[in-house]
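Peer 1: have a look at this prediction, sequence included:
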Amino acid sequence: MTGADPLMNDEARRRSLPPTERRNPLSQNLDELDSLQVLRLLNAEDRVAVDAVAALLPDLARVVDIAADRLRRGGTVHYFGAGTSGRLGVLDASELMPTFNLEPGRVVGHIAGGEQALVNAVENAEDSEEDGRRAAAGLGADDVAIGLAASGSTPYVGGALEAAGAAGAHTVLVSSNPEAPLARYADSNLVLDTGAEVVTGSTRLKAGTAQKLVLNGFSTALMIATGHTWQNLMVSVVATNSKLRDRTVRILCEAADLQESTARELLQRTGGDLKVAIVASLSEVSPQRARNLLEENGGSVRDTLAGALDVRDGARL
C-alpha cells in the first residue's frame with residue numbers, strides 16, 4: 001500500500017464535523033430546484049426539528065422544574081448565545097415581561113457582541129471565552145445558566161457556562177451536537193438531533209427552529225409553574241396598548257363570566273390589574289382584599305382562589 005485511502009480520509013473528515021456542518025444528501029442539488037420544491041424541502045426538514053424537541057421533553061421538563069424552584073427562591077435564569085442562538089435567547093427573555101408581567105432581571109438574554117449583534121454580525125464576538133465569563137459574572141447558586149450553541153462549541157457560551165457553574169448556578173447546554181465539547185460544563189445537556197441543514201452550516205434553519213421551540217416550551221412552562229397564568233388564560237398580561245387592553249377585557253369576561261361593561265368598570269377599579277380583577281370578582285371581595293390575598297399566595301390566581309372560596313368582604317367564614 002502506498003498510502004491511506006483518500007475516500008476513507010474524506011469519510012473520516014466528514015464524520016469528525018458537527019452534524020450541523022455536514023452536507024445534507026437531500027439537498028445536494030438545491031440550486032436546481034424551483035421555489036416550490038425548495039420550500040417543500042425546507043418544510044419537510046422543519047418537521048425534523050419538531051421531532052427533535054419531542055425526543056427530549058422529559059429532560060426539558062426537569063430543567064423547567066429546577067428553574068421554577070430557583071425562581072421561587074429569588075433566583076434568575078440567563079440565556080447565553082451568539083448569532084442566531086443569541087438573538088433567539090434575547091427574544092424569548094424580552095417577551096416575558098409583556099406576556100407574563102415578569103419583573104425585569106428574572107429571565108435575561110445575553111448575546112455575544114452585545115446589543116449591536118442583535119441586528120448586525122459582530123466580528124469574532126463569539127470567539128471570546130472571556131466575554132462569556134464576564135456576561136455570567138454575578139450568577140450564583142440560585143440561578144440557572146442556559147447556553148445556546150447549535151455546534152455545542154461556541155467559546156463565548158463555554159466561558160459563560162464555565163463561570164456560571166463555578167459560581168454554583170445550574171448549567172444547561174442546548175445544542176444539536178451529541179458530542180458537543182461544551183457538554184462538560186453542563187449539568188443538563190439537551191441534544192437536539194436535527195442533523196445536517198438544507199443549506200450546509202446554516203443553523204438559522206432546523207437547529208435554530210429547534211432552539212426556538214425549546215425556548216418557547218421552557219419559558220412558557222416556567223411561567224405556568226410560577227403562577228403567571230390561570231387555566232389557559234394570560235392573566236398576567238401587561239396592557240401596554242389598545243389591543244392588549246381589549247384582550248384583558250375579553251379575558252376577564254371569560255374568566256369571571258362578566259358582561260363587557262362590568263369587566264371594564266372592574267378593571268378600572270383595579271388599575272388594570274387582571275389578576276386582582278379576577279380574584280375580586282370570583283371571590284366577591286374588594287380589589288384591595290384581592291390584592292392582599294394574591295400577595296399572600298405568591299401571585300398565583302389558582303392558589304388564591306383555592307384559599308379564598310369562602311371569603312366575603314375581606315373576612316374568612
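Peer 2: Ah, there it is. All of these numbers come straight from a predicted model, not from anything done at the bench.

Peer 1: spatially, which residue comes closest to residue 259, not counting chain neighbours?
Peer 2: The spatially closest residue to residue 259, leaving aside those adjacent along the chain, is residue 253, at 7.2 Å (CB to CB, 6 or more residues apart in numbering). (Each C-beta comes from the backbone N, C-alpha and C, glycine too.)

Peer 1: list the residues that contact residue 219.
Peer 2: Going by CB atoms under 8 Å, 6 or more residues apart in numbering, residue 219 touches 92, 93, 95, 96, 107.

Peer 1: ok, the residue nearest to residue 259 to residue 234 distance?
Peer 2: Residue 253 sits 14 Å away from residue 234, taking CB to CB, to the nearest Å as the criterion.

Peer 1: where do the strands sit along the stretch 1-150 of the chain?
Peer 2: 77-81, 107-111, 144-148 (DSSP state E, counting those that start in this stretch).

Peer 1: partners of the second one in the sheet?
Peer 2: Translated: strand 107-111. With DSSP bridges as the test, strand 107-111 is paired with strand 77-81 (parallel).

Peer 1: buried sites along stretch 62-79?
Peer 2: Residues of stretch 62-79 classed as buried: 63, 64, 66, 67, 68, 70, 71, 75, 76, 77, 78, 79 (neighbour count, 16 or more other CB atoms under 10 Å).

Peer 1: next, format the strands of the stretch 1-150 of the chain as TSV and append distance to residue 27 and mean pLDDT.
Peer 2: What follows is the strands of the stretch 1-150 of the chain, written out as TSV (distance: least, CB to CB, whole Å; pLDDT from 0 to 100):
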stretch	distance to residue 27	mean pLDDT
strand 77-81	25	98
strand 107-111	29	98
strand 144-148	24	98
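
Peer 1: buried deepest among the ones you listed, which one?
Peer 2: Stretch with highest mean neighbour count among these: strand 144-148 (a mean of 31; mean count of other CB atoms under 10 Å).

Peer 1: next secondary structure after that one?
Peer 2: helix 155-166 (DSSP states H and E).

Peer 1: okay, the angle between that following helix and strand 144-148?
Peer 2: Per axes from the mean of the first three to the mean of the last three CA atoms, to 10 degrees, the angle that helix 155-166 makes with strand 144-148 is 160 degrees.

Peer 1: wait, what's in contact with the residue nearest to residue 259?
Peer 2: Listed by CB under 8 Å, 6+ apart, the contact partners of residue 253 are 259, 260, 263.

Peer 1: what sits against the closest residue to residue 105 other than its chain neighbours?
Peer 2: Distances taken as CB to CB, 6+ apart place residue 76 nearest to residue 105, at 6.4 Å, with adjacent residues excluded. Residues counted as contacts of residue 76 (CB under 8 Å, 6+ apart) are 70, 105, 106, 107, 108, 139, 142, 143, 144.

Peer 1: point out where this protein drops to low pLDDT.
Peer 2: Within the chain, the stretches with pLDDT under 70 are 1-15, 308-317.

Peer 1: what about the most centrally placed residue in it, helix or strand, and which?
Peer 2: Among the residues of the chain, residue 215 comes closest to the average C-alpha position under CA atoms, centre = their mean, at 2.7 Å. Element membership of residue 215 [criterion: DSSP H and E] is helix 206-225.

Peer 1: could you tell me the angle between that helix and strand 77-81?
Peer 2: Angle, helix 206-225 to strand 77-81, by the same axes, to 10 degrees: 170 degrees.

Peer 1: could I have helix 206-225 exported to CSV, CA atoms only?
Peer 2: Output of helix 206-225 as CSV, limited to C-alpha atoms (Å, rounded to 0.1, in the frame of the first residue of the first chain):
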residue,chain,number,x,y,z
LYS,A,206,-33.5,23.4,11.6
ALA,A,207,-31.2,23.9,14.5
GLY,A,208,-32.5,27.4,15.1
THR,A,209,-36.1,26.3,14.8
ALA,A,210,-35.5,23.6,17.3
GLN,A,211,-33.9,26.1,19.7
LYS,A,212,-36.8,28.4,19.3
LEU,A,213,-39.2,25.6,20.2
VAL,A,214,-37.2,24.7,23.2
LEU,A,215,-37.2,28.3,24.4
ASN,A,216,-40.9,28.6,23.8
GLY,A,217,-41.6,25.5,25.7
PHE,A,218,-39.2,26.2,28.5
SER,A,219,-40.2,29.7,29.3
THR,A,220,-44.0,29.1,28.9
ALA,A,221,-43.9,26.1,31.2
LEU,A,222,-41.7,28.1,33.6
MET,A,223,-44.3,30.9,33.7
ILE,A,224,-47.1,28.4,34.2
ALA,A,225,-45.2,26.7,37.1
